[in-house]
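Asks: How does the following fold in three dimensions:
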Amino acid sequence: MAVCKDRRKYTKGGPHAAAISPWGRCPTRRGHTPLACGRAVNPADAALVAGAGLLAGAVNAVAGGGTLISFPALLAAGLPAVSANTTSSVGLLAGYLGGSVGYRRELADQGARIRALAVVSVLGGVLGAVLLLVTPADAFRSLVPYLVLLSCALLAAQPKLSAVVKRRRQRATPVPDAPAPRHDISPLVLVGVGLASIYGSYFGAGLGVLLLAVLGVLLQDGLQRLNALKGLLSLIVNLVGVLIFTFTGTVDWAFAGILAVSSLAGGYFGVGIARRVPPNALRAAVVLFGAVVAVVLLVRG
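Replies: So this is what the prediction gives:
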C-alpha cells in the first residue's frame, strides 16, 4: 500500500502535527489514516487501548457504559475526536453480537417486532452516522464533553429506569415472559426507537439505556425479553454505523482491531471477575470516570 511521502506530519506532537486532517485523514492521499501513512502504533498506546477494551467488554456485560472507557482511551492514544468515536464503535461491535447470540431464545418469537423496529433502527443509524460525518470536527470536539456527561447521566439513571420498567411489567404482565403480541408496535414506539438510534449512531454511549427505557415504557413484556430486543437493536444501529464509517477513512483499523479482540476477551473472561463487584458500584465507578474525562476535556478546550 502506498504511504504518505512526509511521515513527519504524523509524528505525535511533532512540528507538522497541525497538518493532520481533523478526522485523522492523510492530507496528501485521500482515504489514508495517519497509521496507514506510516505512523507506527506506539506500544504504550496499544497497551492502553487493549486494557480499555478488556474493561469495556467486562463493563458492558455487567453494567453497560463501556464506550465511556474505550472512547477516552482512544483520545489519549492520539486519535481525533471523530476518529476515536468511529473507531470505538467498530471495536466494540463484537460485544453486541455476542449478547444477541446469547439471547436468541428470548428473541425467537419476536419476529414481528424485530422486523418493524429494525427498519427504524437502520434509518436512525444511517441518519446519526451522516450527522456525525457532516458535523465540523471542531464543533464535534466541543460537543464531546457534553455528550460524555449526557452518557454518564443516562448510565447513572439506569437503576431507577430499570426499576420503573420492572414495576410496570409486574403490574401489566401476569406472566413475565409471555409471548409478545404480534401487533404492538405503535407509532410512538417507532419514533422513540428512531430517535434513540440516531443518538446511538452519532455517539454510542448510553444507547442501551435509552432503548430499554423506550421499550420498557411503551411495550408490554418481560424484562429479559425486552433486554434481548434492546441488545439486537443496539447491534443493528452499531452495525449500520460501522458499515458507513468503514468507507469514510475515519476509522483507525489497528486500534479498532486491538479494541475488538480485547473487548471480546473482556466480555468473555472478565464477566466472572466483574460480577464479584456489585453492579451499582461498578456503574458508579464508570460514571465517575466519565465525569472526570468530561471535566478534563472541558478544561483543555
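Asks: How far off centre is the one helix or strand in the chain whose mean pLDDT sits lowest?
Replies: Across the helices and strands of the chain, mean confidence by mean pLDDT, DSSP states H and E is lowest for helix 93-102: a mean of 73. Relative to its parent chain, helix 93-102 has a centroid offset of 13 Å by C-alpha atoms, centre = their mean, to the nearest Å.
Asks: Give me the contact list for it.
Replies: Contacts of helix 93-102 with the rest of the structure, by C-beta atoms under 8 Å, 6 or more residues apart in numbering, involve 56-57, 60-61, 66, 107, 228, 231-232, 234-235, 238-239, 242, 260, 263-264, 267-268. No exception for glycine: its C-beta is placed from N, CA and C like everyone else's.
Asks: Among the residues you listed, which are located in helices?
Replies: The members of the contacts of helix 93-102 that map onto helices under DSSP state H are 56-57, 60-61, 107, 228, 231-232, 234-235, 238-239, 242, 260, 263-264, 267-268.
Asks: Now the buried members of those residues.
Replies: 56-57, 60-61, 107, 228, 231-232, 234-235, 238-239, 242, 260, 263-264, 267 (16 or more other C-beta atoms under 10 Å).
Asks: ok now do the closest residue to Leu132 other than its chain neighbours, which residues does it touch?
Replies: Spatially, and ignoring its direct neighbours in sequence, Leu132 is nearest to Tyr202 (5.0 Å; C-beta to C-beta, 6 or more residues apart in numbering). By C-beta under 8 Å, 6+ apart, Tyr202 lies in contact with 128-129, 131-132.
Asks: Next: Pro159.
Replies: Each residue near Pro159 by C-beta under 8 Å, 6+ apart is listed here: 280, 283.
Asks: Over to it: give its phi and psi.
Replies: phi -60, psi -40 (degrees, to the nearest 10).
Asks: Look up how far Arg283 lies from it.
Replies: Pro159 sits 7 Å away from Arg283, going by C-beta to C-beta, to the nearest Å.
Asks: Helices along the stretch 151-300 of the chain, start to end?
Replies: Remark: helices assigned in the stretch 151-300 of the chain by DSSP state H, counting those that start in this stretch are 187-202, 207-218, 223-246, 253-274, 279-300.
Asks: tell me the domain boundaries of this structure?
Replies: 1-40, 41-300 (automatic domain parsing).
Asks: Confidence-wise, which of the ones you listed is weakest overall?
Replies: Looking at the domains of the chain, the lowest mean pLDDT belongs to domain 1-40 (a mean of 41).
Asks: just to revisit the earlier point, just name the most buried of the domains of the chain.
Replies: domain 41-300 (a mean of 19; mean count of other C-beta atoms under 10 Å).
Asks: Show me how far that domain is from its chain's centre.
Replies: Worked out by C-alpha atoms, centre = their mean, domain 41-300 lies 4 Å from the chain centre.
Asks: First-to-last residue distance for it?
Replies: Domain 41-300 has an end-to-end distance of 24 Å (criterion: C-alpha to C-alpha, to the nearest Å).
Asks: how about the helices in the stretch 1-150 of the chain?
Replies: Using DSSP H, counting those that start in this stretch, helices in the stretch 1-150 of the chain cover 43-62, 67-76, 81-91, 93-102, 104-107, 111-134, 137-172.
Asks: any chance of those helices in CSV, with distance to Arg300 too?
Replies: Formatted as CSV, the helices of the stretch 1-150 of the chain follow (distance: least, C-beta to C-beta, whole Å):
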stretch, distance to Arg300
helix 43-62, 18
helix 67-76, 10
helix 81-91, 12
helix 93-102, 29
helix 104-107, 43
helix 111-134, 21
helix 137-172, 9
